[in-house]
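Visitor: Could you work out the structure for the sequence below:
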Amino acid sequence: MTEAEIAKAANGKPGKETRGPGRRLHGAIAHKLGTDILSGKYAPGDILSGEVAFAEELKVSRSAYREAIQVLSAKGLVASRPKAGTRVLPRERWNLLDPDVLGWAFAGEPDVEFVRNLFELRAIVEPAAARLAAQRRDKTDLKIMKEALSAMRQHSLTTEQGRAADRDFHHAILHATRNDALMVLSASIGAAVNWTTQFKQRARALPRNPLPDHVRVYDAIAAGDAEAAAEAMNVLVDLALEDTRTAMQNLAAE
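Guide: Below you'll find the predicted structure:
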């Protein structure tokens, strides 16, 4: 595989950089290795190929490989030691909420337990965020949410524009909490929403239209009804989990 082929393989996927060919290449290598680690091809404790062997095998520069390893190290996936090589770290060290890592997890067939874990996190965070948003939102927050709903309706979640609007909707709710600690989770929650939605569409169309679930959340937040907002978000997340389970079962049966 040549440098151009590696970069092409990661086109549009997490890990891709856009600021010059060198950055695109090391981002593509990080995507390949990250996907291999998240898929279990490399298990915790495994030693990755050395930079010389890897560079020769894939016909890439050693500097690009080293930069890719630095990316993986920053995300907690690997650790490099002189003479000991680059070792895959235990799973509990991985930054599983990093948007790139989430993307790598869904590049192949995601682990069922990992998907369940993501939805458990969403079920803990998002209803509480919706409750606070109903109490603290302002007109700008509501405007952003409403515009996101309109874009979701216009483009649908089968398109990147629609999924981007979905991310904007969830981001706006977290922002409306005025809680810095919750707002930090915005990119992670948005990535989890995006990749699970894309995953559900791999084999067939979405099993149902989730827009009404989002509208109910918005209506409760706009009305300032904290408990209704929390309950509506809880239902939204539960139904999204059920859709994802169905998608995983369908893929397993094919």
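
Visitor: Look at Asn234 and give its secondary structure.
Guide: helix (DSSP: H, G, I helix; E, B strand; the rest coil).

Visitor: so what's the nearest residue to it once chain neighbours are set aside scoring on pLDDT?
Guide: The spatially closest residue to Asn234, leaving aside those adjacent along the chain, is Pro127, at 4.4 Å (Cβ to Cβ, 6 or more residues apart in numbering). Just so you know, the C-beta spots here come from the backbone N, C-alpha and C atoms, and that holds for glycine as well. Looking at Pro127, its pLDDT stands at 97.

Visitor: burial of Glu57, as a residue count?
Guide: The local packing of Glu57 (other Cβ atoms under 10 Å) involves 10 other residues.

Visitor: which residue packs closest to it, ignoring adjacent ones?
Guide: Per Cβ to Cβ, 6+ apart, closest to Glu57 is Ser49, 6.9 Å.

Visitor: again with Ala123
Guide: Val237 (5.0 Å).

Visitor: Tell me where the stretch 1-150 of the chain has helices.
Guide: 3-9, 21-39, 51-58, 62-74, 99-107, 112-136, 139-155 (DSSP state H, counting those that start in this stretch).

Visitor: Val217: what's it in contact with?
Guide: Shown in contact with Val217 (Cβ atoms under 8 Å, 6 or more residues apart in numbering): Ala130, Ile173, Ala229, Ala232, Met233, Leu236.

Visitor: which residues touch the nearest residue to the last one once chain neighbours are set aside?
Guide: This means Leu236. Among residues not flanking Leu236 along the chain, Asp213 sits closest, at 4.2 Å (Cβ to Cβ, 6+ apart). Residues near Asp213 by Cβ under 8 Å, 6+ apart: Ala232, Val235, Leu236, Leu239, Ala240.

Visitor: Now with 10 Å, please.
Guide: Asp213 makes contacts with Ala232, Met233, Val235, Leu236, Val237, Asp238, Leu239, Ala240, as judged by Cβ atoms under 10 Å, 6 or more residues apart in numbering.

Visitor: wait, isn't Val112 in contact with Met248?
Guide: Yes - assessed by Cβ atoms under 10 Å, Val112 is found in contact with Met248 at 6.4 Å.

Visitor: between those two, which one's more packed in?
Guide: Neighbours per residue, other Cβ under 10 Å: of Val112 and Met248, the larger number sits with Met248, 18 against 13.

Visitor: okay, now the closest residue to Leu102 other than its chain neighbours: neighbour count?
Guide: Spatially, and ignoring its direct neighbours in sequence, Leu102 is nearest to Ala191 (4.5 Å; Cβ to Cβ, 6+ apart). Residue crowding around Ala191 was assessed by other Cβ under 10 Å; the count is 22.

Visitor: Assign Ala191 to helix, strand or coil.
Guide: Once three-state DSSP is applied, Ala191 turns out helix.

Visitor: Give the full set of residues in contact with the residue nearest to Val78 when sequence neighbours are not counted.
Guide: The shortest distance from Val78 to any non-neighbouring residue, by Cβ to Cβ, 6+ apart, is to Leu72 (4.7 Å). Neighbouring residues of Leu72 by Cβ under 10 Å, 6+ apart: 15, 29-30, 33-34, 37, 48, 78-80, 86, 88-89, 94, 100-101, 104.

Visitor: Pull out the buried members of those.
Guide: 15, 29-30, 33-34, 37, 48, 78, 86, 88-89, 94, 100-101, 104 (16 or more other Cβ atoms under 10 Å).

Visitor: between these, which is nearest Met152?
Guide: The nearest member of the buried ones among the contacts of Leu72 to Met152, counting by Cβ to Cβ, is Asp100 at 24.3 Å.
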